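J.: give me a 3D structure for the following:
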Amino acid sequence: MLRQRSLREPVCTTGVGLHSGERVRLCLKPAPVDSGIVFWRTDLEPPLAIAAKAQAVNDTRMASTLTATDAKGQLARVATVEHLMSALAGLGIDNLNIEVDAPEIPILDGSSGSFVYLIRAAGVVEQAAPKRFIRVLKPIEVREADKWARLEPHFGFRLRFGIDFQHPAIDSTVQEVDVDFSKDSYVDTVARARTFGFMRDIEQLRAAGLAQGGSLDNAIVMDEFRVLNDDGLRSADEFAKHKLLDAIGDLYLLGRPLLAAYTAHKSGHALNNQLLRALLADQTAWQEVSFAERSKAPAQYARDWAYA
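T.: Okay, the predicted model is just below:
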């Protein structure tokens, strides 16, 4: 049987919130079968649970932000969940309690690499319940002007992503990436791609009280012509790979791993969430499946997933 997975033991770290600039403590803790991924705002009294679900996303302007109503009837949020969600998807974690003492997840180095390190440090255990997937049965597509995202039937998980920023530093790099997890490793291929931004935008965001924690230590930053980071890019496709990393995290807010092919052009958090909502709204477009025999699961799920 292909089983659900959680962490062997708790693991914690501290970092800076990308937008608040404040110190954030994050703890990842094991959770029982069928509990899913749940964020806990431990700075609230009582602590508030916010489920990692597509329907809980209500703000996608700068990141994927989850919300729930607290004991006082006020809306509480957890922002910038996509990098952590991407790492959980990549390492096959089904059940987890995520405690955070602020309204956003720490940005760490701007990729999913640090979250992968934490998960590996804690260890991964299989649980006594079948892993449940969402298998896409027919194409679902959403569009907004020249941006679009699509899910199609595929026995596995494959993603293709194209970007077009019309910026010299980005235009000189790979504009389209294709990752097929039947042969590609999440850790080796995707996890280390960092978020990126432009100096002109950062100055405007900071004037509005945002991006207070952004720096060259946790993002690729560009002026009008070039990358400002002394160490440059980690790979020639880092810009496109990071958008794909974000998409993996956004799609994992479905609450189950996908069996599907995802293709997108210039998509972002908003369009990715619209895609999930469109899929869930059409009951004929998907089914929940599990695999009693590991050998009958798609290749990337059938192999030993301890170090994806």
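
J.: what's the domain layout of the chain?
T.: Per automatic domain parsing, the structural domains of the chain span 3-130, 133-301.

J.: how about the residue of the chain most remote from its centre, secondary structure?
T.: When distances are taken from the C-alpha mean of the chain, Lys72 lies farthest, 29.4 Å away, according to Cα atoms, centre = their mean. Of the three states, Lys72 takes coil under DSSP: H, G, I helix; E, B strand; the rest coil.

J.: then Asp246?
T.: Under three-state DSSP, Asp246 comes out as helix.

J.: how far away is the nearest residue to it once chain neighbours are set aside from Ala149?
T.: Closest residue to Asp246 apart from its sequence neighbours, by Cβ to Cβ, 6 or more residues apart in numbering: Glu82 at 5.0 Å. C-beta: built from backbone N, CA, C; applies to glycine. Noted for Glu82: a distance of 14 Å to Ala149, by Cβ to Cβ, to the nearest Å.

J.: next one: Phe181
T.: Taken as Cβ to Cβ, the span from Phe181 to Ala149 is 18 Å.

J.: one more: Gly197?
T.: 22 Å.

J.: doesn't Glu203 make contact with Gly214?
T.: No: counting by Cβ atoms under 8 Å, Gly214 stays clear of Glu203, with 10.8 Å between them.

J.: neighbour-wise, which of the two wins?
T.: For Gly214 versus Glu203, neighbours defined as other Cβ atoms under 10 Å are more numerous around Gly214 (22 against 10).

J.: can you tell me the SS state at the more buried one?
T.: coil.

J.: what sits against it?
T.: Remark: with contacts taken as Cβ atoms under 8 Å, 6 or more residues apart in numbering, Gly214 is in contact with 18, 107, 197, 202, 205, 221.

J.: in stretch 216-223, which residues are buried?
T.: 218-222 (16 or more other Cβ atoms under 10 Å).

J.: mind exporting the C-alpha coordinates of that stretch to CSV?
T.: C-alpha atoms of stretch 216-223 as CSV (Å, rounded to 0.1, in the frame of the first residue of the first chain):
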residue,chain,number,x,y,z
LEU,A,216,19.6,40.1,-1.3
ASP,A,217,19.8,37.3,1.2
ASN,A,218,16.3,36.0,0.5
ALA,A,219,15.5,37.1,-3.1
ILE,A,220,17.0,37.7,-6.5
VAL,A,221,16.8,41.5,-6.9
MET,A,222,17.2,43.3,-10.2
ASP,A,223,17.5,46.9,-11.3
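
J.: that one: how far from the chain's middle?
T.: 20 Å (Cα atoms, centre = their mean, to the nearest Å).

J.: tell me the buried residues in the helix or strand containing Ile50?
T.: In the assignment (DSSP states H and E), Ile50 maps to strand 48-51. Buried positions in strand 48-51, judged by neighbour count with 16+ other Cβ under 10 Å: 48, 50.

J.: averaged pLDDT, it. What do you get?
T.: Mean pLDDT, computed over strand 48-51, is 97.

J.: partners of that strand, with directions?
T.: Next to strand 48-51 in the sheet, as set by DSSP bridges, lie strand 37-41 (antiparallel).

J.: let's see the partner strand as PDB, backbone CA atoms only.
T.: What follows is strand 37-41, C-alpha atoms only, in PDB (Å, rounded to 0.1, in the frame of the first residue of the first chain):
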ATOM      1  CA  ILE A  37      -1.800  20.200   6.400                       C
ATOM      2  CA  VAL A  38      -3.000  22.600   9.100                       C
ATOM      3  CA  PHE A  39      -1.400  26.000  10.000                       C
ATOM      4  CA  TRP A  40      -1.800  27.100  13.700                       C
ATOM      5  CA  ARG A  41      -1.500  30.800  14.600                       C
END
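
J.: how far does it sit from the chain's center?
T.: Distance, centroid of strand 37-41 to centroid of chain: 15 Å (Cα atoms, centre = their mean).

J.: show me the shaky parts of the stretch 151-300 of the chain.
T.: Across the stretch 151-300 of the chain, not a single residue meets the criterion (pLDDT under 70).

J.: hmm, 80 instead?
T.: Across the stretch 151-300 of the chain, the ranges flagged by pLDDT under 80 are 202-203, 205-212, 300.

J.: quick one: Thr13 and Val100, what's the gap?
T.: Applying Cβ to Cβ to Thr13 and Val100 gives a distance of 11 Å.

J.: okay, which residue is most central for the protein?
T.: A centroid search over the chain (Cα atoms, centre = their mean) returns Gly249, at 1.8 Å, as the residue closest to the centre.
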